[in-house]
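Asks: coordinates only, sequence not included:
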């Protein structure tokens, strides 16, 4: 069988219907092409200009790591490795806090132990305000920095300028008197799902922020990292 061509009369409309006489595809001569949903309403419209409009429902990417390819819509910068936007997600995660050296047992107030995140492609933006319950000294170990959990594991293979395999996060603030005048900093090791918070380098007294996670003390933080 050769090619089959079906076309509307000049100025007319070609419709394909299902067994229930509901329009499923509508082609207008010189105009739009419309795919219809179950009830016959327009679900997707292709304009004569080539623009495509999703009229009802969502555009669903059904295969992992596939998405919207922008390679034809922009000039790639030097070193570009990917121009496909492959995901979007937003939500909340339960934050946990531990002492990296095992000296302190830490707990968070159940009313202040969640953070929110937005994930676009491989970039995650996080923010949270957490509040501590009274810490318990385990009597062993040594203060090792305040470990705060994150919603996703950071990408492996990235290093800082010194080559130590550390990513820095910004936008972290202590909200209680014990940290007044200090300059906390945080590090995120590639391949982990937490960051470690410490005080300024060279300030031995504040080597571990876990020492200052006092009852009802609060910590706000925000930052972004790659996954």
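Replies: Perfect, thanks for sending it. Please read these numbers as outputs of a predicted model, since none were measured by experiment. Numbering: from 1, shown residues only.
Asks: okay, CA-based contacts and neighbour counts for the rest of this
Replies: Will do.
Asks: give me the domain ranges for this protein.
Replies: Here the domain assignment for the chain is 13-54, 88-226, based on automatic domain parsing.
Asks: skipping its backbone neighbours, what lies nearest residue 147 in space?
Replies: Leaving out its chain neighbours, the residue that sits closest to residue 147 by Cα to Cα, 6 or more residues apart in numbering is residue 196, at 4.5 Å.
Asks: likewise residue 26?
Replies: residue 15 (4.6 Å).
Asks: same deal with residue 99?
Replies: Distance criterion Cα to Cα, 6+ apart; nearest residue to residue 99, sequence neighbours excluded, is residue 146 at 5.1 Å.
Asks: mind listing the residues bridging to that neighbour?
Replies: Residue 146 has these beta-bridge partners by DSSP bridges: residue 99, residue 197.
Asks: so it sits against residue 197, correct?
Replies: Yes. If you go by Cα atoms under 8 Å, residue 146 and residue 197 touch, sitting 5.0 Å apart.
Asks: who's more crowded, the two?
Replies: Higher neighbour count among residue 146 and residue 197: residue 146, with 27 against 24, using other Cα atoms under 10 Å.
Asks: if I look at that one, how far off is residue 121?
Replies: Separation of residue 146 from residue 121 (Cα to Cα, to the nearest Å): 28 Å.
Asks: list the buried residues in stretch 91-103.
Replies: Buried positions in stretch 91-103, judged by neighbour count with 16 or more other Cα atoms under 10 Å: 93, 95-103.
Asks: ditto for stretch 58-70
Replies: residue 67.
Asks: try stretch 217-227
Replies: Of the residues in stretch 217-227, 217-219, 221-222, 224-227 count as buried by neighbour count, 16+ other Cα under 10 Å.
Asks: also stretch 120-131?
Replies: Neighbour counts over stretch 120-131 (16+ other Cα under 10 Å) mark 121, 124, 126-131 as buried.
Asks: the residues you listed in strands, which ones?
Replies: Among those, DSSP state E puts 124, 126-131 in strands.
Asks: and the residue nearest to residue 26, what's its pLDDT?
Replies: Among the per-residue scores, residue 15 shows a pLDDT of 85.
Asks: check the one 5 residues further on too.
Replies: Model confidence at residue 20, given as pLDDT, is 86.
Asks: picking that back up, got the contact list for the residue nearest to residue 147?
Replies: Residue 196 is in contact with 100, 145-148, 186-188, counting by Cα atoms under 8 Å, 6 or more residues apart in numbering.
Asks: got it, and residue 38?
Replies: When contacts are counted by Cα under 8 Å, 6+ apart, residue 38 touches 22, 24.
Asks: 10 Å - rerun?
Replies: Neighbour list for residue 38: 18, 22-24 [criterion: Cα atoms under 10 Å, 6 or more residues apart in numbering].
Asks: just the buried residues out of the residues you listed, in ChimeraX syntax.
Replies: Buried subset of these, written as a ChimeraX selection, criterion 16+ other Cα under 10 Å:
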select :22,23,24
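Asks: from the chain's centre, how far out does stretch 125-140 sit?
Replies: Centroid separation for stretch 125-140 versus its chain: 24 Å, with Cα atoms, centre = their mean, to the nearest Å.
Asks: pairing partners for the spatially most central residue of the chain in the sheet, please.
Replies: In the chain, the residue lying closest to the centroid (Cα atoms, centre = their mean) is residue 119, at 1.2 Å. Going by DSSP bridges, residue 119 is paired in beta bridges with residue 89, residue 124.
Asks: surely it meets residue 152?
Replies: Yes. With contact defined as Cα atoms under 10 Å, residue 119 counts as touching residue 152 (9.5 Å).
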